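Engineer: With the sequence up front, the predicted model follows.
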Amino acid sequence: MKMYTTAAIGALLAVAAGTSSAQTEEQDKTWLVSAELGAIKTTGNTEATSFNGKIDATQSLERWRNQYIASVLYKQDELEQIDGTKESETTAEKYFISAKSAYLMADEFSNIFVFGSHTHDEFGAYRKYTTAAAGYGARLINRDTLTLDAEVGPGYFWGDKVIDEANDIIAKEEGFMVRAAGDLAWVITENATFSQKLGVEAAEDNTRYVSDTSLSTKISDRMQMKVGYTINHDTDVADDKEGTDTTTYINLVYNF
């Protein structure tokens, strides 16, 4: 598990460094890249380590807008064993990647898109969850300080549902789905921005809801402090699994 986490951290840092060093004057106009990182380590009576990181890269071309996201969540806690001793165990390990390519229509905010994502969660209700979708997107609100983008379209999903974690029993699920997503951005002040992202992937076997609520404040022209709360909910899970996972985070964000 530690090898996967180290590799993921290295990949995030490599992408960030590569993007920064490779940018030319023309690319600065084309690419918008942000990297965020949050980490906590406690020692003493309670020992715990947690880490979360994210890379969000958007490429804007004349007729196309492409977005690539990669994120990782890792947590290790000291747990008391049956014999009274304490051991450090991994309690959260999750990786996510997605890619979206949108063709811009005559109205710059209307588009036809294709989207794909993959989630690997060692402790989730689904070990793996992969989606592919296509559809139509538009801007519903377009003001100087408030924007709301939405998209909807059909798709397909593949899921590895955890039936018995102790014996590593997995049920394969797949089927057609409908994907809908919304992205609200509110510039409260010159230095503070509120964001609400919501995605729904509805299928016969399972409906997945993903929400990310955050507030960002500027530290400098390129650096931000971001406080957020994520919710991941699956409607169809095993009896001994929770359908909802939540994460509260405080991250530093650097914009390239």
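Structural biologist: Cool, the structure landed.

Engineer: how about the helices in the protein?
Structural biologist: With DSSP state H as the criterion, the chain has helices at 2-22, 25-30.

Engineer: And these, which one averages the lowest pLDDT?
Structural biologist: Mean pLDDT values for these show the minimum at helix 2-22, a mean of 47.

Engineer: So, low pLDDT: which residues of the chain?
Structural biologist: Along the chain, the parts satisfying pLDDT under 70 run over 1-29, 45-46.

Engineer: what about 90?
Structural biologist: 1-30, 39-48, 62, 77-91, 106-109, 164-168, 221, 239-240, 256 (pLDDT under 90).

Engineer: Could you pull out the strands in it for me?
Structural biologist: Taking DSSP state E as the test, the strands found in the chain are 31-42, 48-60, 64-80, 86-104, 111-121, 126-142, 146-164, 169-187, 192-203, 207-218, 223-234, 244-255.

Engineer: what about residue 164, neighbour count?
Structural biologist: 12 (other C-beta atoms under 10 Å). Just so you know, the C-beta spots here come from the backbone N, C-alpha and C atoms, and that holds for glycine as well.

Engineer: dump the residue contacts of it.
Structural biologist: residue 238 (C-beta atoms under 8 Å, 6 or more residues apart in numbering).

Engineer: gap between it and residue 240?
Structural biologist: Distance, residue 164 to residue 240, using C-beta to C-beta, to the nearest Å: 8 Å.

Engineer: so how far is residue 67 from the closest residue to residue 127 other than its chain neighbours?
Structural biologist: In space, residue 127 comes closest to residue 160 once its chain neighbours are excluded; the distance is 4.3 Å by C-beta to C-beta, 6 or more residues apart in numbering. Taking C-beta to C-beta as the measure, residue 160 falls 26 Å from residue 67.

Engineer: same check, this time on residue 147
Structural biologist: 15 Å.

Engineer: same deal with residue 80?
Structural biologist: Applying C-beta to C-beta to residue 80 and residue 67 gives a distance of 44 Å.

Engineer: and what of residue 222?
Structural biologist: 20 Å.

Engineer: Which of these two has more residues huddled nearby?
Structural biologist: Higher neighbour count among residue 222 and residue 67: residue 67, with 17 against 11, using other C-beta under 10 Å.

Engineer: ok, the more buried one - contacts?
Structural biologist: 56, 57, 58, 59, 98, 99, 100, 102.

Engineer: and of these, the nearest to residue 196?
Structural biologist: Proximity of the contacts of residue 67 to residue 196 (C-beta to C-beta) peaks at residue 56, which lies at 15.6 Å.

Engineer: for that closest one, what are its contacts?
Structural biologist: Contact analysis of residue 56 by C-beta under 8 Å, 6+ apart lists 33, 34, 35, 36, 67, 68, 69.

Engineer: Narrow these to those that are buried.
Structural biologist: Buried members of the contacts of residue 56, scored by 16 or more other C-beta atoms under 10 Å, are 33, 34, 35, 36, 67, 68.

Engineer: Just give the number of residues close to the closest residue to the last one other than its chain neighbours.
Structural biologist: This means residue 68. Distances taken as C-beta to C-beta, 6+ apart put residue 57 closest to residue 68, at 4.8 Å, once the chain neighbours are dropped. Residues lying near residue 57 (other C-beta under 10 Å) number 19.

Engineer: Residue 57 and residue 66: what is the separation?
Structural biologist: For residue 57, the distance to residue 66 - C-beta to C-beta - is 8 Å.
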